[in-house]
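Asker: just coords:
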């Protein structure tokens, strides 16, 4: 049976002969589909809210400036981690918390169409 679908190879690789690791997209595998993305700043000791109104809890990724190196971004999860930040999604909003009480911090977010 023939291999049907969409494939996009990375620069320098032929789409017909590239291994999966050298493809930037393959329709035969599940991929996150981004609903919204953006950049913001959350004040010290405060929360930021991003409205998505999807009606379900979507998958998301949030990256926040590292406390010891503002040029480095850390992945933020729902658990409070060493970088003093957390994030969680509800059916209408993504909430990003900066529990550090001394530094305003920049964040990047991606909200996916896929539910959790």
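Answerer: Okay, I see it. Quantities reported herein were computed from a predicted structural model and do not represent experimental measurements.
Asker: hey, let's count contacts and neighbours off CA atoms from now on
Answerer: Noted.
Asker: helix or strand next in line after the helix-or-strand element of the chain with minimal mean pLDDT, which one?
Answerer: Ranked by mean pLDDT, DSSP states H and E, the weakest helix or strand in the chain is strand 23-26, scoring a mean of 84. Following strand 23-26 in sequence order, the next helix or strand is strand 34-42 (DSSP states H and E).
Asker: now do the buried residues in that following strand.
Answerer: Within strand 34-42, the residues that qualify as buried by neighbour count (16 or more other CA atoms under 10 Å) are 41, 42.
Asker: can you list the domain ranges for the chain.
Answerer: By the record's domain assignment, the chain is partitioned as 1-31, 34-115 (automatic domain parsing).
Asker: for residue 21, which three-state class applies?
Answerer: What DSSP: H, G, I helix; E, B strand; the rest coil gives for residue 21 is helix.
Asker: tally of neighbours for it?
Answerer: If you count neighbours by other CA atoms under 10 Å, residue 21 ends up with 9.
Asker: per-residue confidence at residue 46?
Answerer: Per-residue confidence for residue 46 comes out at a pLDDT of 96.
Asker: going forward, count from 42.
Answerer: Done: numbering now begins at 42, and the last item shifts to residue 87.
Asker: so what's it up against?
Answerer: Shown here is residue 87, whose contacts under the criterion CA atoms under 8 Å, 6 or more residues apart in numbering are 138, 139, 140.
Asker: do you know how far it is from residue 126?
Answerer: For residue 87, the distance to residue 126 under the criterion CA to CA, to the nearest Å works out to 10 Å.
Asker: using a markdown table, please lay out the contacts of residue 87 together with pLDDT, neighbour count and distance to residue 152.
Answerer: As requested, those are exported to a markdown table (pLDDT from 0 to 100; neighbours: other CA atoms under 10 Å; distance: CA to CA, whole Å):
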| residue | pLDDT | neighbour count | distance to residue 152 |
| --- | --- | --- | --- |
| 138 | 93 | 23 | 16 |
| 139 | 93 | 26 | 19 |
| 140 | 90 | 18 | 22 |
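Asker: make a markdown table out of the residues you listed and add secondary structure and distance to residue 59.
Answerer: Shown next, in a markdown table, are the contacts of residue 87 (DSSP: H, G, I helix; E, B strand; the rest coil; distance: CA to CA, whole Å):
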| residue | secondary structure | distance to residue 59 |
| --- | --- | --- |
| 138 | strand | 42 |
| 139 | strand | 43 |
| 140 | coil | 45 |
